[in-house]
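# could you work out the structure for the sequence below:
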Amino acid sequence: MGSQVKDKLARMLAVLMLVSASAVHAGNELEIGIWPYMSTQSLIAEYRPVQLYLEKRLKRPVLFVTATDQRTFLQRTQRGEYRFVFTAPHFARYAELDAGYVPMLRPKRNSFAVFVVDKNSPLQKIGDLKGKTVTMTDRITMIAILGLRALHESGLEPGRNVTVHYAVSHNSAVLDVSRGQSDAAVTGAIIFDQLPENLQKKLRILAVTGETSSMVMMANPKVPKDEVEQMKQIMLDFVNDTPEGREFIKNTGYRGLRPPTEAEMKSIDPLVRDLKEQLKP
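Here you go, the predicted structure:
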């Protein structure tokens, strides 16, 4: 099966599973993109309370859609296919600079990448990974960019003195370590916190990277300002004033939502430059 067909099927699956049964025939759906940092089923479960609350407040069907991979999702965002989008911070800044998207909200908690190893590993620092194997997700992801930067700062270059494998997901990267197939993995701090306890107990954090926002909610430049402000307020009401919203914040580890500052968005620029380098053929 071709990649385009697989992508189309995954998109259809996400839409069919995320739209509420009462809204299927309404015809005025609001489509919101979520970057695929987890499996589609996991995203469905995590964002279902958000979807239901938005439908209640907006009185219209809401569809959360994703893509089969990070690159496809980024391309769709840059083409302006999403009215609103929850996306990675460097994708968000890229969308702001090159496609005119407007920053709305970000988690109160920053994110950073962590290098994890087996709990019994003799490795003590990133430099000890010389001649070893490290697994991470697609090199355009924020976590991979942070991981590659950290390797470079420790004098390690993929293909020269360290081997880097790219996994389909953060969970796959971590599982490579637990199965003895990799010496270390790079994953997000928030994602690591969400791993099953039995898996966490098998691992040890070797090192951490610099911090950045873990997610940014953006609005398409074509969305009227009053609609942007309405959506922003509804999201804040959800996380601050409802039991479901507080549970959502707890499960995601976001610690709440707030508008990002201009300085915070600008601070992502070096990572956007790295992203553009990784996007080159």
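# compute the distance between residue 60 and residue 141, please.
Distance from residue 60 to residue 141, counting by Cβ to Cβ, to the nearest Å: 32 Å. From N, CA and C alone the C-beta is placed, and that goes for glycine too.
# now swap in residue 204 and tell me
Counting by Cβ to Cβ, the gap from residue 204 to residue 141 is 23 Å.
# and the two? Which one has more around it.
Of the pair residue 204 and residue 141, residue 141 is the one with more neighbours under other Cβ atoms under 10 Å, namely 27 against 15.
# what about the residue nearest to the more buried one when sequence neighbours are not counted, neighbour count?
Spatially, and ignoring its direct neighbours in sequence, residue 141 is nearest to residue 70 (5.7 Å; Cβ to Cβ, 6 or more residues apart in numbering). Residue 70 has 21 neighbours, counted by other Cβ under 10 Å.
# now for residue 70: which residues touch it?
Counting by Cβ atoms under 8 Å, 6 or more residues apart in numbering, residue 70 makes contact with 35, 36, 88, 137, 138, 140, 141.
# where exactly do the helices run in the stretch 1-150 of the chain?
Ranges of helices within the stretch 1-150 of the chain are 3-18, 40-58, 70-78, 89-99, 142-153, based on DSSP state H, counting those that start in this stretch.
# put together TSV for those helices, with distance to residue 279 and mean pLDDT on each row.
Formatted as TSV, the helices of the stretch 1-150 of the chain follow (distance: least, Cβ to Cβ, whole Å; pLDDT from 0 to 100):
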stretch	distance to residue 279	mean pLDDT
helix 3-18	17	47
helix 40-58	23	92
helix 70-78	8	94
helix 89-99	9	97
helix 142-153	11	95
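# point out the one among these that comes closest to residue 258.
Among the helices of the stretch 1-150 of the chain, helix 89-99 comes nearest to residue 258, with 14.1 Å by Cβ to Cβ.
# so the closest one versus helix 142-153, what angle?
Counting by axes from the mean of the first three to the mean of the last three Cα atoms, to 10 degrees, helix 89-99 lies at 100 degrees to helix 142-153.
# could you check how far the residue nearest to the spatial centre of the chain is from residue 190?
The chain has residue 37 as the residue nearest its centroid, 4.3 Å off, counting by Cα atoms, centre = their mean. Noted for residue 37: a distance of 10 Å to residue 190, by Cβ to Cβ.
# joint contacts of these two?
Common contact partners of residue 37 and residue 190 (Cβ under 8 Å, 6+ apart): none.
# coming back round to it: how far away is the residue nearest to residue 141 from residue 242?
Counting by Cβ to Cβ - residue 70 and residue 242 are separated by 31 Å.
# which residues are in contact with the spatially closest residue to residue 57 that is not a sequence neighbour?
In space, and not counting its chain neighbours, residue 57 is closest to residue 234: 4.9 Å by Cβ to Cβ, 6+ apart. Shown in contact with residue 234 (Cβ under 8 Å, 6+ apart): 53, 54, 57, 58.
# tell me the two of the residues you listed that are most distant?
53 and 58 (9.3 Å).
# so for these two, which residue has more residues nearby?
Neighbour count, other Cβ under 10 Å: between residue 53 and residue 58, residue 53 has more, with 20 against 15.
# the spatially closest residue to that one that is not a sequence neighbour: what secondary structure?
Of all residues not flanking residue 53 in the chain, residue 238 sits nearest, at 4.9 Å (Cβ to Cβ, 6+ apart). Three-state assignment for residue 238 (DSSP: H, G, I helix; E, B strand; the rest coil): helix.
# for residue 238, give me its contacts.
Residue 238 neighbours (Cβ under 8 Å, 6+ apart): 50, 53, 54, 244, 245, 248.
# so can I have a markdown table of these showing distance to residue 79?
Shown next, in a markdown table, are the contacts of residue 238 (distance: Cβ to Cβ, whole Å):
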| residue | distance to residue 79 |
| --- | --- |
| 50 | 24 |
| 53 | 28 |
| 54 | 23 |
| 244 | 32 |
| 245 | 31 |
| 248 | 29 |
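# roughly how far is stretch 268-280 from the heart of the chain?
Distance of stretch 268-280 from its chain centroid, counting by Cα atoms, centre = their mean, to the nearest Å, is 16 Å.
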